[in-house]
Every structure is written in C-alpha cells, then in structure tokens.
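S.K.: pasting the sequence and the predicted model now:
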Amino acid sequence: MPPLPTDQIGRAYPADTYAVGREKVREYAAAVGETNPLHFDPAVARDAGYADVLAPAMFVVVYCSRPFLTALFDPELAIDFAHLVHGAQEFRWAQPVVAGDEITTILTVRDISERAGLRFDTFETVSRNQRGETTCVGTWSTIIRAGEEG
C-alpha cells in the first residue's frame, strides 16, 4: 500500500453553498418514495410551522455531495477508486431544511489510517443554514482495499 497522506488530516475544504429549491425537494421526496404532504405541498408545510416544503432527512446527501466529491477527487488524498468501497455514514440532524434555505457545508478530513492492510478515510461535514444554525453533521467513511502489486 502506498504511503498514507496523513498530512491531510485536519484539512478543511472551502465552504460549498447549496440553494434548496422546492422542486428539488419534491423530486427527491418522490424518488425515495415519500408520501408525506409536508414534502410536496407548501400550504400543508406552512400549516405545520415550516416556511416551505420540508426536505426529507436524507436530502443531506444532495447538499453534501459536492463537498464530498471534491475531497474524493483531491489528488492530495490519492484515493484509489479501483479499490474504494463504501464504509459507513452517520448523521446527526439539528434544524430541519426547507425549500428556500441556503445550506453551507464544510468538509474536513478527520482521519486517515491503515488497519489489516486496508486504508480507512473518515470525513466530517458540517452544514449550516443561512441563519448560521447547524442543520446536520455527517461522518462519511471509505475503505480502500490494497491494490494488486506489479
């Protein structure tokens, strides 16, 4: 296995801002099989106390995808895509996300380590709305299997 880029631990990538659109929320909700009208009907969402349609919790993958992909394709991290497998994801939600929000996400490299011939990379995303309130903190882990030598 090539040397680990442990000098990248602690690196924070530039903030990425995602404008949450009503149609994107509706499209995502429909794609994942949601039926709750909070995700589709602004009047129902407003009656429930939201400013607009409510994004499903896992909409987090939409507004965190660009920061995560930026890290994955960073040549400084030297990720071997031919041997990359998904490790785990964990999310801690705080404030709900609704259409009209602007969510800013910062991704940080939390750890790069090797165990049993496998490389483990752990990333953290912190997402905040336009009011500075944390909406979600995510932990994203990848595993890179050793490549064939020669």
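M.R.: Good, I have the coordinates. This one's a predicted model, so the numbers in the text were calculated from it and none came from an experiment.

S.K.: ranges for the helices of the protein?
M.R.: In the chain, the helices defined using DSSP state H lie at 22-31, 42-47, 60-72.

S.K.: of all these, which one is nearest Gly117?
M.R.: Distance to Gly117, taken as C-beta to C-beta, is lowest for helix 60-72 among those, at 21.1 Å. Heads up, the C-betas are built off the backbone N, CA and C, glycines and all.

S.K.: now the closest one: buried residues?
M.R.: Val60, Val62, Tyr63, Cys64, Pro67, Phe68, Ala71, Leu72 (16 or more other C-beta atoms under 10 Å).

S.K.: what would the helices of the chain look like in JSON lines with mean pLDDT and distance to Glu102?
M.R.: Listed next are these as JSON lines, based on pLDDT from 0 to 100; distance: least, C-beta to C-beta, whole Å:
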{"stretch": "helix 22-31", "mean pLDDT": "98", "distance to Glu102": "13"}
{"stretch": "helix 42-47", "mean pLDDT": "98", "distance to Glu102": "18"}
{"stretch": "helix 60-72", "mean pLDDT": "96", "distance to Glu102": "10"}
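
S.K.: redo those as TSV? Include distance to Glu114.
M.R.: TSV is the format used below for these (distance: least, C-beta to C-beta, whole Å):
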stretch	distance to Glu114
helix 22-31	36
helix 42-47	47
helix 60-72	18
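
S.K.: for Gly100, which of the ones you listed is the nearest?
M.R.: Here helix 22-31 is closest among the helices of the chain (C-beta to C-beta), at 7.6 Å.

S.K.: contacts for the closest one?
M.R.: 36, 39-40, 42, 52-56, 59, 62, 98-100 (C-beta atoms under 8 Å, 6 or more residues apart in numbering).

S.K.: can you tell me how far Tyr18 sits from Leu84?
M.R.: 24 Å (C-beta to C-beta, to the nearest Å).

S.K.: repeat for Ala31
M.R.: Going from Ala31 to Leu84 by C-beta to C-beta gives 25 Å.
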